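**Student:** Okay, here's the prediction I keep looking at, along with the sequence it came from:
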Amino acid sequence: MTPGPIRSIPYYHGTEMMRSGSILLLSCYELGHQPLGIAWPLAFLRRAGFQPVALDLAVEKLDLEKVSQAKLVGISVPMHTALRLGVRVAERVRGINPCCHICFFGLYANLNSDYLLSTVANSVIGGEIEEALVELAKSLESDKPIQAGGVSLKGQLQDPLLKKLDFPLPERRSLPTLKNYAHLAINGERRLAGEVEASRGCKHLCLHCPIPPVYGGRFFVVPKEVVMEDIRGLVRAGARHVTFGDPDFLNGPRHSLAIVRTMHEEFPAITFDFTTKIEHILKCRQIFPELTRLGCLFVISAVESLSDRVLSNLRKGHTRQDVFEALDILRKAGIALRPSWVAFTPWTTLEDYLDMLDTVDKQGLVDHVDPVQFSIRLLVPPGSSLLKGSDIMKYVHELDESNFYYRWFHPDPRMDTLHKEVSLRVEDASSRQEDTFATFEAVRSLALGSLGRQESPKVLRGQRHGEQPPRLTESWFCCAEPTREQFAPLAV
């Protein structure tokens, strides 16, 4: 369905806007967690006196009645997958309720504001969006022109909002319960898990990351008291594990340590995981034994590549050797490393790809890597820092506006073919819940075939000894393309 031009939007008086259902917030995908991308806006809007309702389309069907009643529909798009799904949602919303005001907000909304405003959106908000969303709702409520700071309209683009907010407690009562989301898989059992944020934004400037073009190296902490009260609510709801969903939990290590120390004091049985850079593991190596005692089970880190050439082009801030040093630090502390990868870039060779697979095998990390990671292709969205800070323009072709990235082609066509083959294989494996070792061997066979090699790998095949390492049961990834299953909730 090709979206048509946006119609003029009528405004509604306060009594209508305040009515429950007049504001509908939609989330499409947040990596298998209760979506903080709408839990925070819900809290800000309710504190301002509004009565919004919410749907998480990752686990709920699109409610046509709620859509038809809404005057303002906010769609959260914190990542590429959510944006791809969100545009489909907006097209459905526009067809059901042509006069509603559709606002896209979140990281990928800001990067793609031109396209969104020319097709399916009336407004776009980026950065620390919550107060601006409240002001937008007030403008629609009071029958006044939209002049809220940070709200981009067609022909009136605004910079992302970068200001410290007065955070209320995220509003989770309107969201599906924790049992609908990713669980912690550990020692043969599954435990309810919840996600909190201790900070937003990031102080680092990795070229391929979507955060720097929006936050410009800034990050904002959520007050410890707010984070702890959110954790208490999750524990009351049955959570036995907490994921810290910060882009980098160790951007502010003293703040982070203070939170997990208090959490352990109150809930000594609760475990946790977080995401941080390889360079932070090296710089903060002295704290990891304590993090183990406090309940840390695993750390996610964007390793991206083991090629120093690729790492330099991405300005990751670490080297190949740093990865092995970080792995050693975590292993000595008894914490599992779950690396993420950008397996396909214009600079990655077939030999690099096989080296990544062989290293995963030799280091006993097959069960630590969700197979989708082996299919991740470098995403170059509009506004990406790569377009100014690397030589990627040698490989880039046109902007694919409707899919929200610049097309690029590898100088070795075998890599593009391998990417397609691996992507199909891991999506099929995910749908069948295939064992990770079987998927890994299939991916390695595809890579060897690309080199014209059919012989058995030179390294010994990895063996699973004892229990699998702890992990969350959601295996897909923010930069992966949406699957058929992820589009399913949009069908009626």
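**Tutor:** Cool, the structure landed. Quick caveat: nothing in here was measured; it's all calculated off a predicted structure. Numbers count the residues shown, from 1 in each chain.
**Student:** And the helices in the stretch 101-250 of the chain?
**Tutor:** With DSSP state H, counting those that start in this stretch as the criterion, the stretch 101-250 of the chain has helices at 107-111, 113-119, 130-141, 211-215, 224-236.
**Student:** Packed most tightly, which of those helices would that be?
**Tutor:** helix 107-111 (a mean of 28; mean count of other Cβ atoms under 10 Å). Just so you know, the C-beta spots here come from the backbone N, C-alpha and C atoms, and that holds for glycine as well.
**Student:** What ranges does the stretch 351-492 of the chain have for its strands?
**Tutor:** For the stretch 351-492 of the chain, the strands defined by DSSP state E, counting those that start in this stretch cover 396-400, 405-408, 471-472.
**Student:** Each with direction, which strands does the shortest one pair with?
**Tutor:** So the one you mean is strand 471-472. Strand 471-472 pairs in its sheet with strand 183-186 (antiparallel), by DSSP bridges.
**Student:** of the helices of the stretch 101-250 of the chain, which approaches residue 354 most closely?
**Tutor:** Smallest distance to residue 354 across the helices of the stretch 101-250 of the chain (Cβ to Cβ): 30.5 Å, for helix 211-215.
**Student:** one step back: which of the strands of the stretch 351-492 of the chain sits closest to residue 86?
**Tutor:** In terms of Cβ to Cβ, the element of these nearest to residue 86 is strand 405-408, at 15.1 Å.
**Student:** Output the contacting helices and strands for the closest one.
**Tutor:** Helices and strands touching strand 405-408, by 3 or more Cβ pairs under 8 Å, 6 or more residues apart in numbering; DSSP states H and E, are strand 396-400.
**Student:** what pairs with the strand it packs on, and is each one parallel or antiparallel?
**Tutor:** Here strand 396-400 has these sheet partners by DSSP bridges: strand 405-408 (antiparallel).
**Student:** What residues of the strand it pairs with count as buried?
**Tutor:** For strand 405-408, the neighbour count (16 or more other Cβ atoms under 10 Å) marks 405-406, 408 as buried.
**Student:** Quick check: end-to-end length of stretch 117-132?
**Tutor:** 17 Å (Cα to Cα, to the nearest Å).
**Student:** re the thing from before, distance to residue 240 added to the buried residues of strand 405-408, as TSV?
**Tutor:** As requested, the buried residues of strand 405-408 are exported to TSV (distance: Cβ to Cβ, whole Å):
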residue	distance to residue 240
405	38
406	43
408	43
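**Student:** From these, pick the one nearest residue 349.
**Tutor:** Each of the buried residues of strand 405-408 was checked against residue 349 using Cβ to Cβ; the closest is residue 408, at 15.5 Å.
**Student:** What are the contacting residues of the longest helix seen in the chain?
**Tutor:** In the chain, assigned by DSSP state H, the helix with the most residues is helix 413-432. If you take Cβ atoms under 8 Å, 6 or more residues apart in numbering as the criterion, helix 413-432 is touched by 343-344, 348-350, 353, 371-372, 374-375, 377, 409-410, 434, 438-439, 442-443, 446-447, 450-451, 475-476, 481, 483, 485.
**Student:** The closest residue to residue 135 other than its chain neighbours: neighbouring residues, count only.
**Tutor:** Spatial nearest neighbour of residue 135, excluding adjacent residues (Cβ to Cβ, 6 or more residues apart in numbering): residue 148 at 3.5 Å. Neighbourhood size, residue 148 [other Cβ atoms under 10 Å]: 20.
**Student:** wait, residue 148 sits on residue 140?
**Tutor:** No. Using Cβ atoms under 8 Å, residue 148 makes no contact with residue 140, being 9.8 Å away.
**Student:** The stretch 301-450 of the chain: helices as residue ranges?
**Tutor:** Assigned by DSSP H, counting those that start in this stretch, the stretch 301-450 of the chain shows helices spanning 308-314, 320-333, 350-362, 386-389, 413-432, 436-450.
**Student:** Out of those helices, flag the one nearest residue 115.
**Tutor:** Comparison of the helices of the stretch 301-450 of the chain against residue 115 by Cβ to Cβ identifies helix 386-389 as nearest, at 15.9 Å.
**Student:** Give me the distance between that closest one and the centre of its chain.
**Tutor:** Here helix 386-389 is found 22 Å from its chain centre; the criterion is Cα atoms, centre = their mean, to the nearest Å.
**Student:** Repeat that for stretch 383-395.
**Tutor:** 22 Å.
**Student:** How far does that stretch stretch from one end to the other?
**Tutor:** With Cα to Cα as the measure, stretch 383-395 spans 17 Å from end to end.
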